[in-house]
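Colleague: model the structure of this input:
(4 chains)
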Amino acid sequence: MFNFTLILPELFVLCMVCVVMLVDLFVEQRQQVLTYALTQLTLVGAAILTLCIYCIPTTANFSGLTVHDHLGSVLKLAIYITSFFVFLYSRNYFRQQNMGKGEPYLLGLCSILGMMVLVSAHNFLTLYLGLELMSLPIYALTALQRDKEQALEAAIKYFILGALASALLLYGLSMIYGASGSLDITQVANVIGANSTQHPLIFVFGLVFVVAGLAFKIGLVPFHMWLPDVYTGAPNAATLFLAVAPKVAVIGMTIRLLVECLPGLQVQWQELLIVISVLSMILGNFVAIVQTNIKRMLAYSTIAHGGYILLGFIAGTAAGYSAALFYTLAYAIMSLGAFGIITLLSKQGFDVETIEDLQGLNDRNPWLAFMMMLLLFSMAGLPPTIGFFAKLSLIEALVSTHFVWLACIAMLVAVIGVYYYLRVIKVMYFDKPLDNKPFSLAWDAKMAITINGLAILYFGIFPGALITLCQQLFWSGTMLN
Amino acid sequence: MITLNSALIVTAILFSLSLIGLVLNRHNLIVLLMCVELMLLAVNTNFIIFSHFLNDLAGQVFVFFILAVAAAEAAIGLAILILIFRKQKTINVSELNTLKG
Amino acid sequence: MQLLLTAILLPPLLGAILAGIFGTIIGRVASHRVTVLGVLISFICSCIIFKNFILDHQSTQNIIAYTWGTSGAFQFNVGFLIDNLTATMLMVVTSVSLLVHVYSIGYMRGDAGYQRFFSYISLFTFAMLMLITANNFFQLFFGWEAVGLVSYLLIGFWFTREPANFGSLKAFIVNRVSDVGFILGIGGVITLFGTVDFLPVLAQAPKVAASLPTISLFAGTSWSIITVICILLFIGAMGKSAQMPLHIWLPESMEGPTPISALIHAATMVTAGVYMVARLSPLYELSASALTFILVIGATTALFTGILGVVQNDIKRVIAYSTLSQLGYMVAALGASAFAAGIFHLVTHAAFKALLFLAAGSVILALHHEQDMRKMGGLRRYLPLTYSCFLVGALALAAIPPFSGFYSKDAIIEAVHLSTIHGASYAYVALMIGVFVTALYIFRAFFMTFHGSCSANSASQDNIRENGWVIWLPLVILAIASITIGMIVKHADALQLALHAFTSLPFWLAIAGIVTAWFCYVIRPAIPAMLANKFSWLYYILIKKYGFDDFNQIVFVRGTRALAQLLYNYGDQRLIDDGLVNGSGRLIQWISATLKRLQTGYIYNYALAMIIGVLALVLWQMLIA
Amino acid sequence: MTLLQFIFYVFSALMLLSAVGTIISRNPVHGALFLVVCFVASAGIWLMLQAEFLGLVLVLVYVGAVMTLFLFVVMMLNLDKLPSRAGFKKYWPFGILILLLLVGLMIYVVAPSHLSLASNAIAIPHPADYSNVQALGAVIYTQYVYAFEIAAVILLVAIIAAISLAFHAFHQDTKRQNISKQVQTTAAERLRLVKNMGKE
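Modeller: Model (predicted):
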């Protein structure tokens, strides 16, 4: 009933949280590198532990509160890897912006623990706790730049709207609990599956609230409004953190809730998601065009990407889910690089904010500009980058389930999207820099950004392995029910 | 004998009242935090109602944890609120709109 | 096998990358060394494959290296199909490429774009190898386009020269026109067979053809789909293999460096069309109409472009028209279903045409880039080696036994003679006259260049001497090949065939051509001028190359420009720019700005949006439930 | 109407009215106090629904700790000026609309024709010796121990976050006690003898 081997990664991260906290208390300000190193070590260790238990077959653990399966493990690995890069990119930023000693790392690790709980949750209770454990540190992280009004404003907006979304989600979950009599994902799925033709209305009622909660966390219209403000106002490193791994975790949660728990209500949630997805793609791409702030522009593009991810769920087939997951991973890599570069470019007392701040980046650091170009190409979905394949597989899944009109809309707005990505490239390559000083990077950051950028290309040219991995996760038999 | 319908309708009213509070309050940030507490109270009551009528303890356990989380949430929310007051000397919701567009 | 193929394909690519990207760093010598080494490796590996398949008769191999992508039931594979045809082509491509690489070391010495040149030809070799090893249409198309691209780059290699730019542009555009046919053909294959791999397509073809699928291209007409696909694919081949009327780019391509003319525009790339048709021969066999079309086009090209060669004065252009004519022979062989004869001629032609080009290049180099034959003459004394090599090439081209050209051309003429499809008799006559014309123009060039009085000014005469070994060694090797290939292939009855030639019409036609050339350009040099005066209208037509260029210039170029101007003024500027682009741009801007205003910055508005959103969705779901 | 029902409605009314009070009060102190009333009333309802332990916890933890925290913060912020209720006056019909919509939907959804549970679920009254605390404790520390640990981490996060946000250490004008310096002090530093120059 209690198999501690299967939660070794979580246990390890939890222990390391305590270690980091204590170490951080007793080391001097200038030996901060220790906290950083321990944090990265935690991620590496957790990754190794996760890989060690990867092959253990799917098991429900802790009386069904959590589940060990390949989906969870893959998502966890994605979370470790992206977070590793996030900390690497933000290290200097944390130091220069005076965001405290070890707090960012500590909060980040707690949040990562929450994500781990979230993606392997198998009960509404763990789902909720994981979600909150993931979100609460991010609220704090956003406000950690305590002298900046915008950061505080972003934090309180994020906090209050996030609490509202949690409450909506809980309200929905309470309805589903009431109607099904259980909190366990498998049991709820069984109850709903039992009378699949006619559901009590209360299920649909609860479902809408659940979808609203999920849509808020992914950042989808009309629950998206926090997203541009938080992305813009938060310190660049916090934006970087909250744009990447939590997205992956929340998509994992969406899979758990919609695909594993509520497949019986697929007809209903498909309808909801279609509306939300179309609105998101349109609004995200349109409003991004008129932005002058690069973080805000990317925030709106995030909304659009969220809409694209939903397309996979709308398709409602294994191919669709795997396409959605693949898109999510692709998006994680892309936004990791894009926000990473923005974070790296920020100097003491100078945050990269507007698109003009990137002017003539090619003259200052051609490699960085090239990487940014790759990332933007990928976001725009141009071959031979991973973004292209991600979009392609989504469209394919849609077309094979006869949502051709939806695929057409997706392609159309994607074309509009290309415009604002290209504008950034134009600014980087053809405008004169405001500041002629060459911009150099530390070796580790340079290496990380190179790996990140080349991953975009690598998975664009050889997407086979990753696609196959995503597909295998949704083969029947690998899931618990 | 309390009926399920009436109990659920009461919590629905409580839930919508807290939503209204969130939307209509334009001046005091702290009231927004209180509205969040109200919302969670409505949800909690919902769970307890269902737990009661289903004869299932799981709902109560859920409430137990929601209470813990809500307390943590309140602490963080208030901390941010204090920071804002320190920086801007106001907690007026309608003055917090530098980020927009 | 896969390893061997990798060893064939990758070294030229690596060489190209090294010489192209790091050329300035590693220097000139290292650049040619890496590229020559790369091609040498693939040559050696090709020899192994050649031995396995041709000599040891290994069976056909179809290898799928890796799956590049999947779209529905559709797979894009990178794969290789190796059989006798591929093995032969590998041998031709790598050997000629190797010799040209070596030759270029001498020919390109001192050129500013030395590294770039070697990078290009190595890249070309890679692309050509991809083309001939492909096992599916997509990879074939990749190679097809890549060789076209390199060809375009190399024709315009000296991009400061106006004709070079013009020539490269022309080559590019003509090939694009034919590509339309090719792509449509591939599309047809996909729709009809549902796959792009050669083997399944060819295996299914008879079954599919038996059901007589038809398509209505124009209202009321009904075409066999197989014929349509074959002709569309052949249109692609017409562009690449320069068949009338898409031949106009090949003479212009002579603006590139001479080694390129030898490698790309004589021996390898232009034969891609022939290779493609031969590769798909089972498909073509199913359509008699397509074969007739091919036969007529091939024979026409063989005769009429050959005639043009008679009036050219630029030595490279003469050989270029000769290439056109010989490609016509190959295509005619394909049309007569003599695919083996066509490929045989391809192989022998590769040897002697490369030889002729390289010999001409040697002359040009010795005369400091002088290409006009009227300014040459009597070079026999100064360039004895080049002279004899050119003679070997010319004899092979004129199909004099026992030189290699004789065997292949004889096979083609015999096949056309025996063919019973429509147009075969026309083709036979055209090819026969072509034999005479071939001998005439090549010996005309030969006599004008090497015999007669020396017209080069006396000051530079002393400077004319043979070039270094990197130049003459490839010449000698190719000359030996030109003499022997035919005999090696037909080893059993080579002698018998050669003896038989003395009683056949083509042989005497060729001899007549040589004698005519000798008489007109050595004995009585006044005759050509007189004839030109007397038949000035004919001469004019020939000089104008039957008016193809002018026709294109007037109808297509000017017509297109006028149409483009019209479309630009009304379509582009008014409708698209003002209406659609700017209009939709303005619309998008307006929508964006409006949506942007919704983001007010107030928490309560955000919360309101969420609440309205959730309530609207609930209401909607309740109403439809 | 049974007595139980009557008590339920009284508590419900109290809860809802104080909720209204919370959201419309101009003075945050009043708002917080209304919220306390609301919590207490709902704790009463929870008791009636046989969730005795949680009812008590609500009063103890929520009213006793969280609401105290709220009040504490309100006092600390020292909001001298009471804000106007302009927005409320203008938009309250809109609020009523939301209320009616949601409640209407709820009534529709939980109508016995749509929710079988509503008509046939009958809560079984627990025997007199039933201990809600014991039952909850039994599952929380066994079946739900994983969730319990996560909740503990969440509370830890709350501590870390609250301290790292509100702690003033990085500001130079903060007045702080340096205990080691305080302990190491010597007699000379403590007492300085000043000669009184004024009068003998």
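Colleague: list the residues that contact A:Gly387.
Modeller: A:330, A:334, A:377-381, A:456, A:460 (Cβ atoms under 8 Å, 6 or more residues apart in numbering or on different chains). All C-beta atoms are positioned from the backbone trio N, CA, C, and that covers glycine.
Colleague: measure it to A:Met428 for me?
Modeller: Using Cβ to Cβ, to the nearest Å, we find A:Gly387 at a distance of 18 Å from A:Met428.
Colleague: compute the distance between the closest residue to chain B within the stretch 301-450 of chain A and A:Phe241, please.
Modeller: At 11.7 Å from chain B, A:Glu353 is the closest residue in the stretch 301-450 of chain A, using Cβ to the nearest Cβ. Noted for A:Glu353: a distance of 18 Å to A:Phe241, by Cβ to Cβ.
Colleague: higher neighbour count, the two?
Modeller: A:Phe241 (29 against 17; other Cβ atoms under 10 Å in any protein chain shown).
Colleague: which residues of chain C fall in strands?
Modeller: Remark: strands assigned in chain C by DSSP state E are C:61-71, C:74-82, C:214-215, C:223-224.
Colleague: which other helices and strands contact the helix ranked longest in chain B?
Modeller: Taking DSSP state H as the criterion, chain B has its longest helix at helix B:58-88. Applying 3 or more Cβ pairs under 8 Å, 6 or more residues apart in numbering or on different chains; DSSP states H and E, one finds that helix B:58-88 contacts helix A:124-142, helix A:149-180, helix B:29-54, helix D:52-57, helix D:67-77, helix D:132-140, helix D:145-166.
Colleague: now A:His224: phi and psi?
Modeller: phi -100, psi -10 (degrees, to the nearest 10).
Colleague: which residues touch it?
Modeller: Taking Cβ under 8 Å, 6+ apart as the test, what A:His224 contacts is A:215-216, A:280, A:283-284, A:303, A:306.
Colleague: at 6 Å instead, please
Modeller: A:Ile303 (Cβ atoms under 6 Å, 6 or more residues apart in numbering or on different chains).
Colleague: before we move on, back to that, ignoring the adjacent residues along the chain, who's closest to the residue of the stretch 301-450 of chain A closest to chain B?
Modeller: A:Asn293 (5.6 Å; Cβ to Cβ, 6 or more residues apart in numbering or on different chains).
Colleague: kindly report the same for D:Ile23.
Modeller: In space, and not counting its chain neighbours, D:Ile23 is closest to B:Gly21: 3.2 Å by Cβ to Cβ, 6+ apart.
Colleague: contacts for the helix or strand harbouring that neighbour?
Modeller: Taking DSSP states H and E as the definition, B:Gly21 sits inside helix B:4-24. Helix B:4-24 is contacted from outside by B:35, B:38-39, B:42, B:45-46, B:49, B:53, C:604, C:607-608, C:611, D:12, D:16, D:19, D:23, D:87-88, D:91, D:95, D:98-99, D:102-103, D:106, D:110, D:118, using Cβ under 6 Å, 6+ apart.
Colleague: quick one on the thing from earlier: how about the strands of chain C in CSV, adding distance to chain A and mean pLDDT?
Modeller: Shown next, in CSV, are the strands of chain C (distance: least, Cβ to the nearest Cβ, whole Å; pLDDT from 0 to 100):
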stretch, distance to chain A, mean pLDDT
strand C:61-71, 6, 73
strand C:74-82, 10, 79
strand C:214-215, 25, 72
strand C:223-224, 30, 77
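Colleague: and those strands, which is most packed in?
Modeller: strand C:74-82 (a mean of 19; mean count of other Cβ atoms under 10 Å in any protein chain shown).
Colleague: got a list of contacts for stretch D:153-164?
Modeller: A:100, A:103, A:106, A:110, A:132-133, A:136-137, A:140, B:69, B:72, B:75-76, B:79.
Colleague: wait, C:Ile64 sits on C:Asn77?
Modeller: Yes. Between C:Ile64 and C:Asn77 there is a contact at 4.9 Å, judged by Cβ atoms under 6 Å.
Colleague: quick one: low-confidence ranges for the stretch 151-300 of chain A?
Modeller: A:194-198 (pLDDT under 70).
Colleague: where does it come near chain B, residue by residue?
Modeller: A:152-153, A:155-156, A:159-160, A:163, A:167, A:170-171, A:174, A:177-178, A:181, A:183, A:229, A:232-233 (Cβ under 6 Å from any Cβ of the partner chain).
Colleague: one step back: the residue nearest to D:Ile23: neighbour count?
Modeller: Using other Cβ under 10 Å, the number of residues around B:Gly21 comes to 26.
Colleague: now the helices and strands packed on helix B:58-88 as JSON lines including distance to C:Arg176 and mean neighbour count?
Modeller: As requested, the helices and strands packed on helix B:58-88 are arranged in JSON lines below (distance: least, Cβ to Cβ, whole Å; neighbours: other Cβ atoms under 10 Å in any protein chain shown):
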{"stretch": "helix A:124-142", "distance to C:Arg176": "54", "mean neighbour count": "27"}
{"stretch": "helix A:149-180", "distance to C:Arg176": "53", "mean neighbour count": "26"}
{"stretch": "helix B:29-54", "distance to C:Arg176": "65", "mean neighbour count": "26"}
{"stretch": "helix D:52-57", "distance to C:Arg176": "77", "mean neighbour count": "20"}
{"stretch": "helix D:67-77", "distance to C:Arg176": "74", "mean neighbour count": "17"}
{"stretch": "helix D:132-140", "distance to C:Arg176": "75", "mean neighbour count": "15"}
{"stretch": "helix D:145-166", "distance to C:Arg176": "63", "mean neighbour count": "21"}
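Colleague: which of those helices has the lowest mean pLDDT?
Modeller: Per-segment mean pLDDT for those reaches its minimum on helix D:67-77, at a mean of 88.
Colleague: just for chain C, where's the confidence low?
Modeller: Ranges of chain C meeting pLDDT under 70: C:68-74, C:216-221, C:453-466, C:491-492, C:494, C:543-545, C:547, C:556, C:571-581.
Colleague: which parts of the helix ranked longest in it are buried?
Modeller: Using DSSP H to define each element, chain C has its longest helix at helix C:162-193. Neighbour-count burial for helix C:162-193 flags C:164, C:167-168, C:170-175, C:177-179, C:181-182, C:184-186, C:188-189, C:192-193 (criterion: 16 or more other Cβ atoms under 10 Å in any protein chain shown).
Colleague: ok, stretch A:326-344 next?
Modeller: A:326-344.
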